[in-house]
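1. Generate coordinates for the sequence data below:
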Amino acid sequence: MRAPILAAALLLAPLAASAQSQPAAPFDIVITNGHIIDGTGSPWYSGEIGIRAGRIAAIGNLERTPRARTIDAHGQVVAPGFIDMLGQSEMSILVDPHLPSKIFQGITTEVTGEGESAAPLNAQMIAADRAGYEHLKINPDWTTFRQYFARIEKQGMGINLASYVGATSVRRMVLGDADIQPTQSQLAEMQSLVDQAMKDGAVGVSTSLQYAPAPYAQTDELIALAFTAGRRGGIYATHMRSEGDAEPAAIDEALRIGREGHIPVEIWHLKAAGKNNWGKMPQIVAQIQAARDAGVDISANTYAYTAWFNSFSAFIPPWAHDGGDARLVERLKDPATRARIRKDMLDPKGDWDNEWQEISSPKDILIAVVQNPDLRPLQGKRLSEVAEQWHEDPIDALCDILIKDKAFTEVAVFGMSEPDVKLALQQPWVSVDNDSQGTSTEGLLGSEHPHPRAYGTFPRILRKYVREEHALSLEDAIRKFSALPAQRMHFTDRGVLKAGMAADIVIFDPATIKDMATFEQPNQLSQGMDFVLVNGVPVIANGVMTNALPGKVLRGPGYEP
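-> Have a look, this model is predicted:
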């Protein structure tokens, strides 16, 4: 049989030679001299990365291959672009689509939609939320996700963006802001809205159960919405009903929703909130790990700071939010109702997530973002300072700020312990979220006083927990930034550096990358990202923003074009 094989080989030889002689199409970019950390957790290796038409076309020795541009990484780390598991930029991307606070961290993809999402919308919701739209000077000219996604794609985006449909938004569409329960027909209408959002491209359904009107929703309502999203391949993501005293029960509720809704569960910004719960992260981790060991598909993420950031109105008990912010402000103005609110805040045994009981003193609350220009001087001050300045009791000062700012105010709250934060970050199933909208040091967004995580989360983890404290290896930190969240979100063409994947790539020196933002001076871009590529296009080149807008909407598995 040897002769026929040789004959066949001779016949094929000219064809092979002809194929080899065909010049390969030039690469758009070749990245050379880098230490490739591919996102899987494996150690770095050397190689060149060829990019063509927004994708990684080859990795290897590409020295002889023609290209339009070469990027010399100079021995720096070359890694997949970072994925922000909760980003909050659905509105700010309409103000500044470049989102410099994100790209200078190395973020190339953001997932957003925490309980309330950009869509669906109706006229009543737009009217109720008018202060927020006016604050950012946005005209909400869409009502569906399909329309919203079309708008941001038309204007251009500095990063990729995906969104959950918020259970709160769906509830408000059908029930408004009232503390009521849906009828069967209303629940069916809510499920239909979730189903349509999934067909429009949402990646799942989410809850933010601390903020009214979300706490009014009972578990069965959430299971029904989760089941609808799960049928189209979605995920259930949750800011749980409690992150403090009642957290074990809140985790149990999330597990039940996942189990009965037949849907994977993602816990946002995992924490042990409140001074009474410091040191409880080992029990929280054990509870989640036990569920995983039993076969439940549940994971979590963290931003790894000891202060959270939320609406100041979250300090007010849920019953006082019935009917929306306008009704809340009316109640705060009424002396008798305000006295009842104070009594509930001072009661350590209440059946709600009482943030007033989770802090050590009013000094733990930092006023961050206001809508009323007259209150702008309060940004960056502690509640204790404001109370002293106004000659008021701290709870009265809190209530009066909410009245003057129409319940718009956002605050940073120092309510976690560092050992708990670190332990959560170290879990193999915990990825990373920014939990802040993309922002800028300039313009309208630059006038705010955000949590420093808005600018610093990912570089801070690389500086503090990798380089200084050795709590994570560099390879595992990058896995938490890339492959792990991509796997969870079903982003099958992102999160790992290999041929065929989207060319979302960062280049940085792990010895020098650092966060600059502080609670006192938050509007400072992180330093150290030499190059950031989104879909093969540099949005940062040689440490400078290019103003390119190559981002895409990443639609979920239920999307129907």
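
2. Asp405 contacts Leu375, doesn't it?
-> Yes - here Asp405 reaches Leu375: they are 5.7 Å apart, a contact under Cβ atoms under 8 Å. In this view, the C-beta of every residue, glycine as well, is placed from N, C-alpha and C.

3. Have a look at those two and say which one is more surrounded.
-> Shown here are Asp405 and Leu375; by other Cβ atoms under 10 Å, Asp405 has more neighbours (22 against 17).

4. Next, the contact list for the more buried one, please.
-> Phe312, Val370, Gln371, Asn372, Leu375 (Cβ atoms under 8 Å, 6 or more residues apart in numbering).

5. and what of Tyr211?
-> Neighbour list for Tyr211: Gly115, Thr168, His239, Asn310, Ser311, Ser313, Ala314 [criterion: Cβ under 8 Å, 6+ apart].

6. Now, those residues that are in strands?
-> His239, Asn310, Ser311 (DSSP state E).

7. Most neighbours among those, which one?
-> Within the ones in strands among the contacts of Tyr211, most neighbours by other Cβ under 10 Å means His239, with 21 neighbours.

8. Spatially nearest residue to that one (excluding sequence neighbours)?
-> Spatial nearest neighbour of His239, excluding adjacent residues (Cβ to Cβ, 6 or more residues apart in numbering): Ser208 at 4.1 Å.

9. close enough to count as contact, Arg453 and Gly438?
-> No - taking contacts as Cβ under 8 Å, Arg453 lies outside contact range of Gly438: 12.0 Å.

10. the more surrounded of these two?
-> With neighbours defined as other Cβ under 10 Å, Arg453 and Gly438 compare such that Gly438 has more, 33 against 27.

11. any idea of the pLDDT on the more buried one?
-> Predicted confidence (pLDDT) for Gly438: 98.

12. Give the closest residue to it in space, chain neighbours not counted.
-> Excluding the flanking residues, the one nearest Gly438 by Cβ to Cβ, 6+ apart is Leu99, at 3.2 Å.

13. The one you found reaches Ile159, doesn't it?
-> Yes - assessed by Cβ under 8 Å, Leu99 is found in contact with Ile159 at 5.8 Å.

14. For the residue sitting nearest the centre point of the chain, give its distance to Val432.
-> Closest residue to the average C-alpha location of the chain: Leu86 at 1.1 Å, with Cα atoms, centre = their mean. Going from Leu86 to Val432 by Cβ to Cβ, to the nearest Å gives 9 Å.

15. okay, and the common contacts of the two?
-> Common neighbours of Leu86 and Val432, using Cβ under 8 Å, 6+ apart, are Asn301.

16. Helix or strand: which one has Glu260?
-> Per DSSP states H and E, Glu260 falls inside helix 247-261.

17. just how off-centre is that helix within its chain?
-> Distance of helix 247-261 from its chain centroid, counting by Cα atoms, centre = their mean, to the nearest Å, is 21 Å.

18. how about that helix as PDB, C-alpha atoms only?
-> Below are the C-alpha coordinates for helix 247-261, written out as PDB (Å, rounded to 0.1, in the frame of the first residue of the first chain):
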ATOM      1  CA  GLU A 247     -28.900  37.700  55.100                       C
ATOM      2  CA  PRO A 248     -29.200  33.900  55.600                       C
ATOM      3  CA  ALA A 249     -32.900  34.100  54.900                       C
ATOM      4  CA  ALA A 250     -32.300  36.300  51.900                       C
ATOM      5  CA  ILE A 251     -29.800  33.800  50.500                       C
ATOM      6  CA  ASP A 252     -32.400  31.100  51.100                       C
ATOM      7  CA  GLU A 253     -34.900  33.100  49.100                       C
ATOM      8  CA  ALA A 254     -32.500  33.600  46.200                       C
ATOM      9  CA  LEU A 255     -31.800  29.900  46.200                       C
ATOM     10  CA  ARG A 256     -35.600  29.100  46.200                       C
ATOM     11  CA  ILE A 257     -36.100  31.500  43.300                       C
ATOM     12  CA  GLY A 258     -33.300  29.800  41.300                       C
ATOM     13  CA  ARG A 259     -34.600  26.300  42.100                       C
ATOM     14  CA  GLU A 260     -38.300  26.900  41.400                       C
ATOM     15  CA  GLY A 261     -37.600  29.300  38.500                       C
END
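
19. circling back to that earlier point, can you get me a residue count around the residue nearest to His239?
-> Count around Ser208 with other Cβ under 10 Å applied: 21.

20. again, but for Ala290
-> Close neighbours of Ala290, defined as other Cβ under 10 Å, add up to 11.

21. Also Asp400?
-> 17.

22. Relative to Trp390, how far out is it?
-> For Asp400 relative to Trp390 (Cβ to Cβ), the value is 7 Å.

23. Make JSON lines out of the ones in strands among the contacts of Tyr211 and add distance to Arg292.
-> Output for these, formatted as JSON lines (distance: Cβ to Cβ, whole Å):
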{"residue": "His239", "distance to Arg292": "20"}
{"residue": "Asn310", "distance to Arg292": "28"}
{"residue": "Ser311", "distance to Arg292": "32"}
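
24. right, and Val496 touches Phe481 too?
-> No - checked against Cβ under 8 Å, the pair Val496 and Phe481 is beyond contact range at 11.6 Å.

25. Looking at the two, which is more packed in?
-> Comparing Val496 with Phe481 by neighbour count (other Cβ under 10 Å), the higher total belongs to Phe481, at 30 against 20.

26. list the contacts for that one?
-> Here Phe481 is in contact with Gly39, Ala79, Pro80, Phe82, Ile83, Gly106, Ser431, Val432, Phe458 (criterion: Cβ under 8 Å, 6+ apart).

27. for the first one, phi and psi?
-> Taking degrees, to the nearest 10, you get phi 100, psi -20 for the backbone angles of Gly39.

28. Who are the contact partners of it?
-> Counting by Cβ under 8 Å, 6+ apart, Gly39 touches Ala79, Pro80, Ile478, Arg479, Phe481, Ser482, Ala483, Ala486, Gly495, Val496, Leu497.

29. The fifth one now?
-> Each residue near Ile83 by Cβ under 8 Å, 6+ apart is listed here: 107-111, 431, 481-482, 485-486, 489, 491, 494-495.

30. hey, where'd the helices end up in the stretch 251-400 of the chain?
-> Assigned by DSSP state H, counting those that start in this stretch, the helices in the stretch 251-400 of the chain fall at 281-293, 325-333, 335-346, 383-390, 394-404.

31. CA atoms of the third one as PDB?
-> If I follow you right, that is helix 335-346. Extracted in PDB, the C-alpha atoms of helix 335-346 (Å, rounded to 0.1, in the frame of the first residue of the first chain):
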ATOM      1  CA  PRO A 335     -44.500  65.700  61.900                       C
ATOM      2  CA  ALA A 336     -46.600  62.700  63.100                       C
ATOM      3  CA  THR A 337     -45.400  60.400  60.200                       C
ATOM      4  CA  ARG A 338     -41.900  61.600  60.600                       C
ATOM      5  CA  ALA A 339     -42.000  60.600  64.200                       C
ATOM      6  CA  ARG A 340     -43.100  57.200  63.200                       C
ATOM      7  CA  ILE A 341     -40.300  57.000  60.700                       C
ATOM      8  CA  ARG A 342     -37.800  58.000  63.400                       C
ATOM      9  CA  LYS A 343     -39.200  55.300  65.700                       C
ATOM     10  CA  ASP A 344     -38.800  52.600  63.100                       C
ATOM     11  CA  MET A 345     -35.200  53.700  62.300                       C
ATOM     12  CA  LEU A 346     -34.300  53.600  66.000                       C
END
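
32. Which strands or helices does that helix pack on?
-> helix 325-333, helix 394-404 (3 or more Cβ pairs under 8 Å, 6 or more residues apart in numbering; DSSP states H and E).

33. most packed of those?
-> Neighbour counts (mean count of other Cβ atoms under 10 Å) averaged over each of those peak at helix 394-404, with a mean of 20.

34. what number of residues lie near Gly34?
-> 25.
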